[in-house]
Structures are given as C-alpha cells and as structure tokens.
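Q: Whatever this is, show me its structure:
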Amino acid sequence: MVNSSYESYEYVQNLLGTTVSLILCEPNENVAHKIFELIKVLESKLTVNRPVSEVMSVNLAAGQQPVKVSHSIFSLIAQAKDVSLMPGSCFNVAIGPLVKLWKIGFNGRFPPSQQQIDEKRLLIDPQDIELNVEDQTVFLKKKGMEIDMGAIAKGYIADIVKAILLQNGINQAIINLGGNVVALNQSPANAEGFWHIGLRKPFSNNDELVGFLKVINKSVVTSGIYERYFVHKDTLYHHILDSSTGYPLNNELESITIISDTSLEGDLFSTLLYGLGYERANEYLQKHRNLSAIFLLKNKTIKLANPHNFAFELTNHQYVMR
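A: Numbers count the residues shown, from 1 in each chain. Alright, predicted model coming up:
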C-alpha cells in the first residue's frame, strides 16, 4: 500500500499472479504499455507454472542434457545458486520439487508423508546445478530436479522496470509488483521527499496496517508466513520451506521486510534472513549496512535493523517497537 496526496496516475494490470501497478507523477500511457508488455515477456521466460518457458526447458531436461538459456536468465540463475550455497542459507533455487510436493498456495491442504519429503529432498541440492559460463548452459544433474525462480522473479523484473522508467525520463514513480515495491527517487508529495509505503499486518483480512515505511529511492520487499499457507490439525504450514528438513521453517518471525537498493536483493535476503531468525539475521545485517530490515515477531514485537536507510512510523497499537 502506498500513500500519496499529490496528483498521480496509476496503471494496473493483473500479471505475475498478482496485481501489478505503476504510479507516475505525469500520465504516460506509452511507457506503461511498454512496461506491461515487457513484464509479460519476462514472465514467459521465468515461470514454472506454464508448459513452455526458459526455466521449464531446463527443468524438463533434468538428468538428460544441458540447456542453453539467454544471458539474463543464466546470470539470474547463477546469482540464485550463489546465494543458495551461502552457509546456513534458507534460500534455495533448487527447491522446486519440494514446492510442488507441498502445493502451498496451489490448493495444498495436507502435509505430505515423511517418505515423500525424504524423496524430494534428494533432488534439491543446489550443488547439482551445473553452469557453463562459456556456453551459457544450465544442467540439472538429477532427473526430477527443478529450479524455481518464483522467490526472485518479481525482484528481478521490478529492477528492470525501474531501469526502463529512468531510460524514458521518468524519475519519480512507485512500482508495485504485489509485495515488491520500488520507490523511484524522491516523492513530490512532501518536502522531505519520502515515499510512504504501508506495512501490512500479518493475517489481516482487511489490509490492516502495522505502520508506514518512509523511503527515498529504495526497494521494499516483505516475506511472511501469512502470504501463502494452510492449517491442518491446528498447525499452520506456510510457504517458506526449510531445505534441511523439508518442512516449513519454524521460528519467532511472522514477517521480515528488507529495505535495499535493488528489489532482487530484497527477494534474496528476505528469504535468506527469515530463515536465520532474528538474532542471526540481525548479526548479519550489522556487517552489511547497505541492507536494512523490519522484523515482525509472533509476540507482536517489532525490531528494526540499520534504520539509517529508512524511517518507520508505527500506527498499530497491538505491536510494540523494541
């Protein structure tokens, strides 16, 4: 959610399985159309929810042969593999078989059996992704392996949309790809130049907010257990899966919001740092001051890390900042 009191022009389409919106300070139908068409092209390359895409061609050839992909997709897979191999990383670009097994967000209603989970865990080692830089090929060594770009596709696309806006002389805008928000430069709505971005209350049915972030020229990405989940026998099973167990992660966090320079960083680190839990994630952030975070804990406590990159205004008195 974005607050704006100035005159603005919003362009909206349903893409990427969500509502994509552009908020511009001046009307520009041509650029909006160009961006939406580009998003459709990029989605067709990255999706695993259609029978044909660049990523699906890699998955369908798993255990058989390498597949040549475009330079941009190769680079994205390489970055995702690097983050997947970081010590203690919860992010795993090879997690596709587990995602499809659980079906969380895709009509999943029951946890799979332990045997099914154990079988799929044999297919999710990112070390088994073989990249040939010279040939720009990707090879999944085991039949049944699947890379899943869903966790980073929106961030990658949001950064490209930002670049297109700048190339077309649009220097003030909000890009919202359903949870990935990019605030371009300064807002014209106030003297401080802040864009106000709402932080949603987890499990709220009416888009209730916890508060507002205030940012200039930053990406804001939230990852939380309330986004996709099901409840079975009084246990909540959410979509952030732990490769080491095959089950959804269980820690003290309801959500983590990453404030960063790029939306791709936000995607990568929202998953990685969620998996570390608050203490270890905060330790990591103290060594990486270019990244900032807002942690919403299950006990309704809010903790901020590196707030020099943003401001936060708490509006929901059910939460306490500490």
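Q: Mind jotting down where the strands sit in the stretch 1-150 of the chain?
A: Ranges of strands within the stretch 1-150 of the chain are 2-3, 9-15, 18-24, 67-68, 129-132, 137-140, based on DSSP state E, counting those that start in this stretch.
Q: could those be laid out in CSV, adding mean neighbour count, distance to residue 81 and mean pLDDT?
A: C-beta here means a position set from N, CA and C on the backbone, and glycine is covered the same way. CSV is the format used below for the strands of the stretch 1-150 of the chain (neighbours: other C-beta atoms under 10 Å; distance: least, C-beta to C-beta, whole Å; pLDDT from 0 to 100):
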stretch, mean neighbour count, distance to residue 81, mean pLDDT
strand 2-3, 16, 33, 51
strand 9-15, 14, 26, 95
strand 18-24, 18, 26, 94
strand 67-68, 16, 15, 98
strand 129-132, 15, 5, 98
strand 137-140, 22, 9, 98
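Q: between these, which one is nearest to residue 289?
A: Within the strands of the stretch 1-150 of the chain, the stretch nearest residue 289 is strand 2-3; the backing value is 25.9 Å (C-beta to C-beta).
Q: So residue 176, which state does it fall into?
A: strand (DSSP: H, G, I helix; E, B strand; the rest coil).
Q: Could you report the separation of it from residue 24?
A: Note on residue 176: its distance to residue 24, by C-beta to C-beta, to the nearest Å, is 12 Å.
Q: Worst mean pLDDT across the helices and strands of this protein, which element?
A: One helix or strand of the chain scores below all others by mean pLDDT, DSSP states H and E: strand 2-3, with a mean of 51.
Q: so what's residue 274 up against?
A: Going by C-beta atoms under 8 Å, 6 or more residues apart in numbering, residue 274 touches 90, 223, 240, 249, 251, 253, 255, 256, 281.
Q: can you redo the strands of the stretch 1-150 of the chain as TSV with distance to residue 95?
A: What follows is the strands of the stretch 1-150 of the chain, written out as TSV (distance: least, C-beta to C-beta, whole Å):
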stretch	distance to residue 95
strand 2-3	31
strand 9-15	23
strand 18-24	20
strand 67-68	19
strand 129-132	12
strand 137-140	13
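Q: closest to residue 302 out of those?
A: Of all the strands of the stretch 1-150 of the chain, strand 2-3 sits nearest to residue 302, with 19.2 Å by C-beta to C-beta.
Q: Tell me how many other residues surround residue 295.
A: 22 (other C-beta atoms under 10 Å).
Q: Can you tell me what sits against the helix or strand hosting it?
A: Assigned by DSSP states H and E, residue 295 falls within strand 292-297. Strand 292-297 has contacts (C-beta under 8 Å, 6+ apart) with 199, 202, 210, 213, 224, 252-260, 273, 278, 281-282, 285, 302-310, 312, 319.
Q: In helices, which of these appear?
A: Members of the contacts of strand 292-297 lying in helices (criterion: DSSP state H): 273, 278, 281, 282, 285.
Q: So which of the contacts of residue 274 is the closest to residue 12?
A: Taking C-beta to C-beta as the measure, residue 12 lies nearest residue 223 of the contacts of residue 274, at 23.2 Å.
Q: Isn't that closest one up against residue 268?
A: No: with contact defined as C-beta atoms under 8 Å, residue 223 does not reach residue 268; the gap is 10.3 Å.
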